[in-house]
Each structure stands twice: as C-alpha cells, then as structure tokens.
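>>> This is a predicted model, with the sequence first.
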4 protein chains.
Amino acid sequence: MTEPRIKSSSGFYITKEAPIEAANALPTPTNPAPDILRCAYMDLVVTDLAASREFYVDVLGLHVTEEDDEAIYLRSTEEFIHHNLVLRKGPVAAVAAFSYRVRTPGDLDKAVAFYTELGCRVERRPEGFTKGIGDSVRVEDPLGFPYEFFYQTEHVERLSWRYDLQTPGELVRLDHFNQVTPDVPRAVRHYQDLGFRVTEDIQDEDGVVYAAWMRRKPTVHDTAATGGDGPRMHHVAFATHEKHNILAICDKLGALRRSDAIERGPGRHGVSNAFYLYLRDPDGHRVEIYTQDYYTGDPDNPVITWDVHDNQRRDWWGNPVVPSWYTEASLVLDLDGKPQPVVARTDASEMAVTIGADGFSYTKDETDASSLPSWKMGEYKLGHQL
Amino acid sequence: MTEPRIKSSSGFYITKEAPIEAANALPTPTNPAPDILRCAYMDLVVTDLAASREFYVDVLGLHVTEEDDEAIYLRSTEEFIHHNLVLRKGPVAAVAAFSYRVRTPGDLDKAVAFYTELGCRVERRPEGFTKGIGDSVRVEDPLGFPYEFFYQTEHVERLSWRYDLQTPGELVRLDHFNQVTPDVPRAVRHYQDLGFRVTEDIQDEDGVVYAAWMRRKPTVHDTAATGGDGPRMHHVAFATHEKHNILAICDKLGALRRSDAIERGPGRHGVSNAFYLYLRDPDGHRVEIYTQDYYTGDPDNPVITWDVHDNQRRDWWGNPVVPSWYTEASLVLDLDGKPQPVVARTDASEMAVTIGADGFSYTKDETDASSLPSWKMGEYKLGHQL
Amino acid sequence: MTEPRIKSSSGFYITKEAPIEAANALPTPTNPAPDILRCAYMDLVVTDLAASREFYVDVLGLHVTEEDDEAIYLRSTEEFIHHNLVLRKGPVAAVAAFSYRVRTPGDLDKAVAFYTELGCRVERRPEGFTKGIGDSVRVEDPLGFPYEFFYQTEHVERLSWRYDLQTPGELVRLDHFNQVTPDVPRAVRHYQDLGFRVTEDIQDEDGVVYAAWMRRKPTVHDTAATGGDGPRMHHVAFATHEKHNILAICDKLGALRRSDAIERGPGRHGVSNAFYLYLRDPDGHRVEIYTQDYYTGDPDNPVITWDVHDNQRRDWWGNPVVPSWYTEASLVLDLDGKPQPVVARTDASEMAVTIGADGFSYTKDETDASSLPSWKMGEYKLGHQL
Amino acid sequence: MTEPRIKSSSGFYITKEAPIEAANALPTPTNPAPDILRCAYMDLVVTDLAASREFYVDVLGLHVTEEDDEAIYLRSTEEFIHHNLVLRKGPVAAVAAFSYRVRTPGDLDKAVAFYTELGCRVERRPEGFTKGIGDSVRVEDPLGFPYEFFYQTEHVERLSWRYDLQTPGELVRLDHFNQVTPDVPRAVRHYQDLGFRVTEDIQDEDGVVYAAWMRRKPTVHDTAATGGDGPRMHHVAFATHEKHNILAICDKLGALRRSDAIERGPGRHGVSNAFYLYLRDPDGHRVEIYTQDYYTGDPDNPVITWDVHDNQRRDWWGNPVVPSWYTEASLVLDLDGKPQPVVARTDASEMAVTIGADGFSYTKDETDASSLPSWKMGEYKLGHQL
C-alpha cells in the first residue's frame, strides 16, 4: 500500500482509493462496462420448493408476486420490479444467477461486448430467463459466477404503505450479494472494471486481502468478495427498517422451534456499521438480514480498511464468528445449469489467522490476545465443525 | 394529465412520468446541467448564534466541525464532508444558500454556463464561500433561490462508529431541503432541467399542483417545491436511523420545557412514507427530522400522485396539519445578502382547499368529509393563527 | 393542601400523600375491602359484533379465547386468565362491567359486605356472569359504576413465547380503566376506601381536582377518575412492549383507510410518563394503547400533582388535546343492563380552563400563554366539535 | 413431581405449584417472615473505585446520588429511594449485601426474629449500613448469603421525565439479583419460607433442579437460585425500556474498544421471555441488562418448568451459553467483611449435561442433538476457559 493511510478514532484505516493491487489481474476490456444500477434479484435453485416457500414466505414474510409448480417469484416490501428472489426447483441447491439491473436497454449490448472481449460465455434471451423480466444477458464471468443483466421488467405494486400486510420482521429491500472467491484482489480489480467501487476491505499487515465490499447504488455494497474456496455464493441480504425487526425474526424462529436456522448473530458489524443476522435456509443457502449502513454515493467516499486481527471488524461487539460462516457456502451454476468446480484459496484464511491454534486478534491494538478475559476467547472449537 | 394513471391499493395514483405540465415554463438551457450528487449543506443566517448553537448542538446533538464568533459548522454522524449546516450570525434570519455537491470539479464550469444562459446572477469563488469548502459557484436561480454548487471540501471523520458520542435522538444524515414557491409546475420543470427527477406530487382533480418532491440521490427527495408565497425556505431535514430516535427528541424537548419548538408531528407521512417531526429553531427556521423513506434510484421509478383531498397524504394517520406549517417559512437571501422579495401564490392554496370553511378532505375516497367522526375534524382553528 | 409540596426539576409537584380532600365524602365502610389484585377485564356491549371483532381481532390483534353469536372473549398476549375483554352484542353501546380480580375466593364475601354496608345493589353469581369466570360479585358502586370482583377463572395459555402469532402492534397486557365522574375527590376517597392508592393527579391553584390516577398492581394505575359528566367510561387501555408497536397500529389503520379511528396521539403523557395512543372503536368506545410507565409498588411511592395549566401535563410534547377527548365517553349499565343516568360535573372543566376563550396554559411556568409561538396555540377549534 | 404438568405449545411445562421438593430442607421458622417489597440495592465491593465509576457511570449511565472517596451511591432513572447500587472500595471484589426493601418499619423486627430462630447471625443498625438508608437488618442467611432488609430511606428525585439526562442505553430500574448455590431445591424452599414465589425453573427428567426464579414484586424474579459452587453472586440486573437500549450499550462498548466487557448476548431468554445482555465489570462482577418479562402478580400465576436439554431455555434463539457464564461468579462476604467459603455443587452441572463431551440438547423435542446443523453445535470449546 503506497498511499498513506489515516487511522480513525474508531480503530480502522482510511484511504482515498481502495488500497488493493492484484498481482494476477484480468485484462481491462476496451469495451465499456454496462451501467449497473443495483443488485436486483437472485435466481436460487432449491431442492424442496414447499420447504423453501415456508421459509421465505411464511417465516420471513417475503411477498409472492407469482408462483407455479416450478418456481416462486418473491419481492420485498419496497420493490416495484417483478421480484428480488426466484426459488426454482432443481436437483442441486445452487445459485443460477446474480442478477443486476442496468440503467438502459442499451446497456445489454455493452454487457455482451464487455464479456465477449473477456472471452466469457455469454447468452442473451430477449424474452428473459425468468418470468417478469424481459431482454436479459447471462454470462459466466471470469471468476466463474453466473451474472445476469437486464433492464426490462414488469412493474408491480410497491407495498410500503400496505402496513396491513406487514410482519414484525418485515424485509423492505434486497440489499446485497456476497461471493466467495479464492483471490480477492483479482476479483476486486475485475469488478472495478465492471464499474463497482470499493467501500471497505479487510487486510493484514502484509497486504493480504481477506474480503472487500463493492457498491453501485450508494450503500456499502451491492456485492462483496469474500476470500475462500470458490466460486461460491456466501449470502444474499435483505434489509429491514429497524433493528427490532431483525430481533423479531429470531423470536419467531424460536417460537417455531427453528432456531437452528440462526447461524450467526444478531450483532453489529464493524465493516459497514450495519446491524445483522445470518440465517440458513432449508438447503443451507445463507441469508443475511441487514439494516442501517451508510451513504457512499460521493465519488471520493473514504475507503475503510480493517486489520484482520481487529476483533471488532466482523462483530463490533467482539462476539465470535462461527466457523461454518467461514467455510460453508452455496455452489453456483454455469449457463448449462451444472455446478461450477470449486477452486481452493491459497492465500491465508481469515479463520486460520484469527481463530484456532495459530490465530490471534485484539480488541484494543495495544492489547495482545493472551490478555483477553476468560469469556472472550473470541472463537469456537474448530473440531466440532471441520 | 394525458398519461393514464393507475390507482394503487393504498389510495394514491401511479404514473411513469411526473404528470406535471408548466404553462409558464422557463426555457431549457442548451448548456448541460451540472451533475448534482446530493443536497450537501444549508447556509443559514441566525440572529442569536448562542441560542442557535444550544438548539442544534445541545438539543439536537449535531457535531461541531469548527466554530468561531461569526459561524458554527455542523455535521451529522455519517458525514465525511466538512459540514451539513452553517449557522451564520446575521441581522435577519434567512437562508444564504441551498448547497449541492456535484460529481466533479468540472461541473462548476457547467453550472456557470447553465445559469448564465438563463440570465441569472452567478458568482464563483475559488476559495469557497464558507470554511471547509473550496471552489464554489453561487447563483440566484430563476425562482429566486440562492443555490450553491461545489465539489472540493475538507474530509472529516465519519462518526458512525462513535456510539460513545451519540445521543438518543442522533441525526445521521442531511436528507433534504424544501422550498416554497408560488408556481409549482414552473419550479418542477426548471429543476427537471437541472437534472432532478420527480418522485411524488400532490394535485387536485383540475391538475393544480400543490407540491412536488424531486431527487438526485436515490431517496424520495433532495429538495421539494411547496406551493406558497415565495421564494422562501420551508424546511431543512435531517435523518435518524429509527423512529424512536425522533420520539427521543420530543421527549428531550419536553424535559427542557421547550416543547413549544415542536410544530407538527411526530407522524407518518403519506408522501414519502417516512416518519417525521417538524421543529422550529430559535429564529423560527423549520427543521424536519425524518426516517425511512424508500429507494428511488431506478430511472423508471414509479411516480406517485396524491389527491389533495386525501386526508392521509400529509399525515398517514389523518392527524391535522397545523396552519403555520402551510403559511410560515424563512426568507432567502440574494447574493448581496439582502432578502428576496416574496411573491404571492395565485393558484389555489392547499390549506384553503383542505381545511377551513371551504376545504374538505376524505379518508376513504367514497366518504365525504361530513361523515367524519367528531374527533377527526381534520383541522385547526384558523383564526388563532392567521 | 396542607402538606408541603416539593416542585420537581420536571415541573410537577411531589407529596407523600395524595393531596386530595373530599368535601362530600362517602362513608368509609367498617367492613374491610376485598383485596384487589388488578383490573382484569372489561365487559363491553357493542352494537355490531362483526364490526367490533374486525376492530379488536383483525386490526388490533387481540387473541380470541372463545366466541359465539352473542359474545367474543379476547385476551392479550401475556394473559393466562380467560379474557381481558368481552365484546357482547347489545342494543346500546355501553360498559356492562369493570372487572377486577381479587386475591382469594374469600374476598368475594368481603366485597358483598363492603358494598352492602354502602347501600349498593349487589348481585353474586357462583357460576359467573361471563364464560371462563367463576363465582363473581357485581355491584352498582356508589358512583354509579358497574364493578365486578372474581377470583375463579379458567387458565389459558400465556402466548408470550408465541412470536409466530404476533403482529407489529402486539398488545401484551390489559393495563387500566379510566372512569368519568363529576366529583373527582369524592371518587378518589371512595376508591381509597376500596384499597386503591393515588399515584398522580391534576389540580389547579385553588385545589380543584381535574383527574386522579389510582393503582392496585404496582403501575401508575388500575383505574383513573377523570372529571366530567358521569358515570361514564372514558377508556380501557392495553399495553404494548415498545413504542414502535404503537406506531405500527397507526400505520396499519392508515393502510386500512381507517385512520379516522385515531382520536388523539400518539404522544408521550406527562402524567404517567407513558407513551400513548387513543383510538375509538366502531361504537365510539375509546381504547388507549400504552407503554412504559413506572413502578409504584412501594407504600411511600411519591405522589405527583400536575398543575392543570401546565401545557405538558397531558402531552409532554405540548401537542393539543382534541376536545372530543374531554367531552365524549361511553355509557355504563346498571345491573339490569340499563344505562345509568349521567350527572353533570359542576366543578371547573379541564377543557374550559385550558383551551378556548377562557383557558390558558404555559410551557415554562414563567411564560404566559400569550407568548406561545403561532404553531402552539395548544387547542382545537371548539366550534367544530361541540 | 407428583402434580400433573401440561406441555405448552412453546415447549415448556406448566404447573400450578413449583414442582420442587427439597430432600434436605431447612426448617420453616414459626416466626413470620418480613414482608419484602422488592430487591432494592446491591452493596458491591470493588477494588478500583475509579475504574468502577467509569464503568457504571460513564459507560452504563447510572445516576450518582452521592459519592465520596470510599463509596459511590448510584440509582437508575425511575428510582426514588437513595440508591440501587453501592460501589464500595475494598481489598477483595465481592458482594457485601443483597438488600431488600420491606413494607413497614415493623418488618425489621420480623426479620430479626425469623433469622434468629434459624440460628443465623443477625446485625441491626438503626442508622443503617450505608448512606441514605436508615434502620437496617443484615444477616448471614442459612445459605451463606449476606441479606439486608430496610424500610427507611431518603427520597430522591425520580428522573423518568429528565430525558435531557438520558443516554441511548438508559437503565430505568433495578430488576433482580441472581445467586449461585449448590443445592437449588434447598434454596428455593428456604426463600419460599421468606415469602418468595417460584415463577420458572429448569429441571431434567430425573427431577434434578438446575435453577429457579423467585419473585416478590410481580415480575419474573427479584432473585434466582442458580445451581453451582456457592454461595456466590451470579449477577445483578438492571432493566431498560426497550431492546434497542440494550443494543446501544453494546455499540458504545465497541466504540470504547471495551467489547471484551460483553460476556454473553444480547439475546432473548427462554426463561422469563426477556431480552438480555450480560456484561462483566472491571472486577469481573456480572451485570445483566434486561427488558420485557411478564406480569406474575396473581397468586395462581402458572409456574413454568423448562427441560434442561431444551436448547432454547437459556437462549430462545439457540445461541450457545459461554462456559464462563456457568462457572464464574463473585464471592459474597460475611458480616465481618470476610469472603464466605465456597461449597461445591454435587448435583449434576447444567453445563456438563448440555455442553461438552457428555452433554446434549435439542431444539425440537423429537430431534436429537446429532442432527443439529454444523453451525449449531450449541457450545464453546471448554478447554479455552477451564
């Protein structure tokens, strides 16, 4: 990192540009990238449609726009496009597409040219790949992720004023995706070429990058790259209005005796400053419930770098990250619907450097881990999970 | 209105384009408009700097970036630019500037050309008009409002993680401005030329437009045009994270025996769906506290039109709008610091058509006002205020 | 008031004993009063059972314990006795009973003796007056109110852990009753004889008492005496856990286009320090939603007296009390089911002394009302209601 | 357990009387017990008064009634007695007294007789043991705990209306104590003799009792008996109004880089249904922050028994209990100020039967632990703590 960085009074570092350099970067296409508005929906393959419907509709309260025997089209309260989540019946639980909305119909031509130049497989369907969505481009991106771009969509009613339909844990917005990939700097550089801007990342003192958050819309992210064996999908996140909405989801899962769907949290993130909860759906797909990050829309929005050893980076309250959160993720599909092979990460693992026999972390930077009180070991027993 | 409109299940109307036509439109400049990011700060003249400091710092908890005997520079928790509000000592309480941040330094040249073509008075100061802000352009816009544009600013620390500094009513963001102007369609058309997009408006059955909300950043608004005698400033709004933060401000004002600073609310807006509170500062400048509107960043974001007679348009709970809220507003200054003359509105007044002897409103559209229960007269006694 | 009183830093007065003397007191019975635990349920006559069911069950979310063509038995989330509210079909909207639970079955004998000595009409039914309640005593109390006492009841499941059944505005507890009666000191003295203790009251500088709050369980009240034409029922109150639950009820009423059910609030009470909302049911019966008063269980709990002219006594934020709130109330029935005649209050009216031509109020005690800002007239136009 | 018990739809069991029998019961005194109102304050010995002041006043926001070089007297917002917590400088961190307020001055005579009959050491001081408290009785109770009883106290101002003094994590009330004792049934039986009533407990299929909650005021508890090596103090608990207040405390600890003070939570209890957080003060004394349990004041309030293997009993969301929470606790002092010796529990340990090599737990009762998903091992690595 050549740019000087400033240490904030909250313990992280601030720079003007994302201090990430990719040793192994993909070429930057000469064709311009499509103008992405925002993450729009995830096309999710589930093995038991009824079980998934119960989870996303009956428990989480997403609104059904349309459904048939093969697929269910769901949206959050605020949404006016056809859906934010497709549950599609299939033999292997996986992600069929991370779908982004673009600014104009013409951006689809740009998407075709951009990925074609990168040598990626590209498929365009004027009638769309799912109900409610028109002309669309799907690609196997250079990192192996199935990305979709579209503009045309059926408009449906925004339900924000329909408080009569709302539940205590109402999900109001699709907030972001999170992707697992072995080489984070390579992924960041590629997504920067696609027009994303880094807002926060986690690094160590040697410049190893463990994760990075990237945005199009002016929130902390539309997607993030998490270091690990990939390509895999780490999670899809929906936003609520307030923190008590997230607590209400936990309470309801307890009442249904489904508290085992709670994987991690609720808690306050260091990264993003948002309040969070991680759930696992009936197939093990991870869903985050998220609220209250910050505006990032200015082009000189300060970039935040967290030290991987800062015990508050992942949970501002220092509560431990459960190992499954680091190690488990969903497969992603190629355009033929077959799972992409998973490539192992070779850089250091965040879990290894922070928990377990070789890991350490601190709460104050002058404090070494050995002085932590007995109740703050900051980790789980790995043997139980791995 | 020639475009067909759809009535939503919540009682308002939805169109694709703002159904507003200006009979008396200003010419659209051939020079391109500057690319505005967002409303950034208000330069506010106050008559008693100590009294204003007590209100904005001690009561509302805004953070002081810098201050001297003449001015105080305040920011909200999330902000990384130098300030969101300048309190400047002066002889007449008024607004010296509605200031917007633009995307690049080059947008200032565009601003100069855009307003010069419109025949407006334009002043550029490379060193800025206030501390912490660099090269800036100020104009007397065609509607008489003092508008400022800038890109350069000192970065300061974003305090989102500094929960040790936060109060129960923490203000996290500058959300929007609101301007009073006699001819709303004329104002809307002009601000559309400047790059704003309408998100919601209030009209009657004859197409009279009473108010319109317009955005650059993807919230419901960066500014709004409220029909009335103008140019005047209706209010400046700050956002909190949650609704209880707004209630905490009311509770604190009660504890300080300053509940008379509460003008209207708290309540839920129909327009914007946000939770709100209106306060009056020691000079009578109106400040809104606001939380939880919705994402509007897609170019085809549905435009919402409310019927002026819908009793839930201004308050979703049907609570009455106090007359002062319609009639009182702050003066705005020209570039010499002299108050702009106020021109009377000639179109129908929202207050007149909804409250008082000639007004009516309904809760359900099949219900006429005469059937309202005794506790829902929907108005205040006008004689006490006018 | 002979006892010295201390002015608190919040503007009200503190004494050790309720500073209320009744010029016209009822005799204190020599027979001991029954040991009342708490207000337990209201037996409410409604004219349209379906409309009332929709209001209390579909809108407010009370849980149905049992129902038939004549009556519906409802309870709040926390309740383990059979019901907190009976909706009973009848020709005239009125209250059939204010029902209190007593500590032991033997307290019913005490109730019979206590009221018999007072010369009241008393009726005892071993099988109870409503489903789910056993041996009960009903009386026409000396102030004309139908009071019930019981111990035996069917236990039903407490639903506190059933978050899967809960709504955003969940009502967790019956909190209190409120009775309108012409002579407040006389009522207070009588209810003190029955074992109630005053927690707060409102008086003027001449010692006129406008209202008083009285408790058995250690909250601010199980019932209150509000000065006015009576005997009538002012309201029945249910508690929520948090303030956002109350806001959610307002939002839902808006969504259902039933915002005209909102009579007053939401707001923060001065008296009781609770957060509140007043609704009117389809028959006009007033229901309060209430949260977060304080513990009053110590025998020397300080008694609070508010000045009737303190503008923050009824609403801590100084928002006006709608006149209907002062003037409208429900009839109460005698033991034959016929409405009790209403006797006019002769003492000063709180509405008259605080709003309208002759009233005044202050926010700070050194401030006279004429200096209030234009937006704080502190009143509604009386002509619209009376 | 001879009484039939009903399984609730939430998974726990309901009985009318606490199903606890003590094999080794203390004799029931023939002298009547004092009439206890509520837990009133804890007299806590701390080793570094400045560090403790920073924790309880600067971080947690308790209000200082009075202080000197030796002790600090703190109260919560709602309190009108002199204090709820005394921080007293001393050589060994420990509890000097669990102090209860009684209904009348005469109850002190009863306390003397009651404990004298039990053969306990009793000391009465007419001038009180701490500032602000008058005539008091302290005893070494039969289980080794230092109990205090008093009625006389200086009244101080209840600060509930002083929102200007309140913090985002405002503590409004002292809620309860929690005591560690080897033989829970023996403790329960003794405290029942003292007038406490059981509200909930945790048992296994053999009737081993792991913990029991007991109340005087009508909440879930004024104190609890937790099975373990004792006598020791498990925690002292303060209540907030809402859940976000508890989250705000966590956020503030993070901002101060003191997140290592968070031991367990925040979460939702199964037992009590309250929302909770456990902190450790600078001496390791455990403090719970607690909100929203339920009313228990009726004499036939249903008693709830949780299965020790129910994974949601301690945390309704199934989040693991950190081992230190089971094993660590504070010493208690005798009346000479010397630590009481700690006696080991011989009954089964809750930690052993639920976590670690021999423990098991279930989420649904038909589910055995081996089917738990990877992220729900339900335990921490014991080796790190023990």
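Everything's here; your move.
>>> When you work out contacts or count neighbours from here on, use the C-alpha atoms and nothing else.
Noted.
>>> I'd like to know which elements the lengthiest strand in chain A is packed against.
Secondary structure of chain A read by DSSP state E shows that its longest strand is strand A:36-46. Using 3 or more Cα pairs under 8 Å, 6 or more residues apart in numbering or on different chains; DSSP states H and E, the elements in contact with strand A:36-46 are strand A:85-89, strand A:94-102, strand A:173-181.
>>> now do 10 Å
helix A:49-53, strand A:71-75, strand A:85-89, strand A:94-102, strand A:146-150, strand A:173-181, strand A:209-215, strand A:330-332 (3 or more Cα pairs under 10 Å, 6 or more residues apart in numbering or on different chains; DSSP states H and E).
>>> Next, the contact list for the residue of the stretch 201-350 of chain A found nearest chain B, please.
Closest residue of the stretch 201-350 of chain A to chain B, Cα to the nearest Cα: A:Glu242 (6.0 Å). Residues near A:Glu242 by Cα atoms under 10 Å, 6 or more residues apart in numbering or on different chains: A:169-171, A:275, A:290-292, B:241-244, B:292, C:244, D:244.
>>> Now do the phi/psi pair for A:Val184.
phi -70, psi -50 (degrees, to the nearest 10).
>>> same thing with A:Ser76?
phi -90, psi 170.
>>> In contact with it, which residues are there?
A:61-65, A:83-85, A:158-160, A:170-174, A:238-240.
>>> how does it look with 8 Å?
A:Leu62, A:His63, A:His83, A:Asn84, A:Leu171, A:Val172, A:Arg173, A:Leu174, A:Phe238 (Cα atoms under 8 Å, 6 or more residues apart in numbering or on different chains).
>>> ditto for A:Asn178
A:Thr223, A:Ala224, A:Ala225, A:Thr226, A:Met233, A:His234, A:His235, A:Val236.
>>> Show me the shaky parts of the stretch 1-150 of chain A.
A:1-3 (pLDDT under 70).
>>> ok, the residue of it found nearest chain D to A:Val236 distance?
Distances between the stretch 1-150 of chain A and chain D by Cα to the nearest Cα are smallest at A:Ser10, namely 6.4 Å. From A:Ser10 across to A:Val236, the span is 28 Å (Cα to Cα, to the nearest Å).
>>> got the residues of the stretch 151-300 of chain A near chain B?
A:157, A:160-162, A:217, A:241-242, A:273, A:292, A:294-295, A:297-299 (Cα under 8 Å from any Cα of the partner chain).
>>> more neighbours, A:Ser10 and A:Val236?
A:Val236 (23 against 18; other Cα atoms under 10 Å in any protein chain shown).
>>> quick one: that one is in a helix?
No. With DSSP: H, G, I helix; E, B strand; the rest coil as the criterion, A:Val236 is assigned strand and is not in a helix.
>>> wait, what's in contact with it?
So A:Val236 contacts A:Met42, A:Asp175, A:His176, A:Phe177, A:Asn178, A:Arg286, A:Val287, A:Glu288 (Cα under 8 Å, 6+ apart).
>>> List the beta-bridge partners for the last one.
When assigned by DSSP bridges, A:Glu288 has beta-bridge partners A:Ala237, A:Tyr278.
>>> mind checking how far the residue nearest the centre of chain A is from A:Ala212?
Chain A has A:Asn178 as the residue nearest its centroid, 2.0 Å off, counting by Cα atoms, centre = their mean. Applying Cα to Cα, the value for A:Asn178 to A:Ala212 is 10 Å.
>>> next one: A:Trp316
For A:Trp316 relative to A:Ala212 (Cα to Cα), the value is 17 Å.
>>> same deal with A:Ala274?
In terms of Cα to Cα, A:Ala274 sits 15 Å off from A:Ala212.
>>> ok, the two, which is more surrounded?
Using other Cα under 10 Å as the criterion, A:Ala274 and A:Ala212 rank with A:Ala212 on top: 27 against 22.
>>> My guess is that one contacts A:Gln203. True?
No. Counting by Cα atoms under 8 Å, A:Ala212 does not reach A:Gln203; the two are 9.0 Å apart.
>>> contacts for stretch A:10-18?
Contacts of stretch A:10-18 (Cα under 8 Å, 6+ apart): A:3-8, A:198-200, A:300-307, B:161-162, D:255.
>>> Dump that stretch to PDB, restricted to CA.
Extracted C-alpha coordinates of stretch A:10-18, given in PDB (Å, rounded to 0.1, in the frame of the first residue of the first chain):
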ATOM      1  CA  SER A  10     -12.600   4.000  15.800                       C
ATOM      2  CA  GLY A  11      -9.600   1.800  15.000                       C
ATOM      3  CA  PHE A  12      -9.800   1.300  11.300                       C
ATOM      4  CA  TYR A  13      -7.800   2.900   8.500                       C
ATOM      5  CA  ILE A  14      -9.000   5.400   5.900                       C
ATOM      6  CA  THR A  15      -7.700   5.900   2.400                       C
ATOM      7  CA  LYS A  16      -9.000   7.700  -0.700                       C
ATOM      8  CA  GLU A  17      -8.600   4.800  -3.100                       C
ATOM      9  CA  ALA A  18      -9.100   1.100  -2.400                       C
END
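>>> A:Glu78 touches B:Thr296, doesn't it?
No. A:Glu78 lies out of contact with B:Thr296 (Cα under 8 Å); the separation is 9.7 Å.
>>> out of these two, which sits in the busier spot?
Applying other Cα under 10 Å to A:Glu78 and B:Thr296 shows that B:Thr296 carries more neighbours, namely 23 against 19.
>>> Show the pLDDT at the more buried one.
Looking at B:Thr296, its pLDDT stands at 98.
>>> Which one of the contacts of A:Glu242 is nearest to C:Leu37?
Set against C:Leu37, the nearest of these by Cα to Cα is C:His244 (29.1 Å).
>>> and A:Ser99, what does it touch?
A:Cys39, A:Ala40, A:Tyr41, A:Met42, A:Asp43, A:Tyr147, A:Glu148, A:Phe149, A:Phe150.
>>> Among the residues you listed, the buried ones, what's the ChimeraX command?
If you want just the buried ones from the contacts of A:Ser99 in ChimeraX, going by 16 or more other Cα atoms under 10 Å in any protein chain shown, the selection is:
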select /A:39,40,41,42,43,147,148,149,150
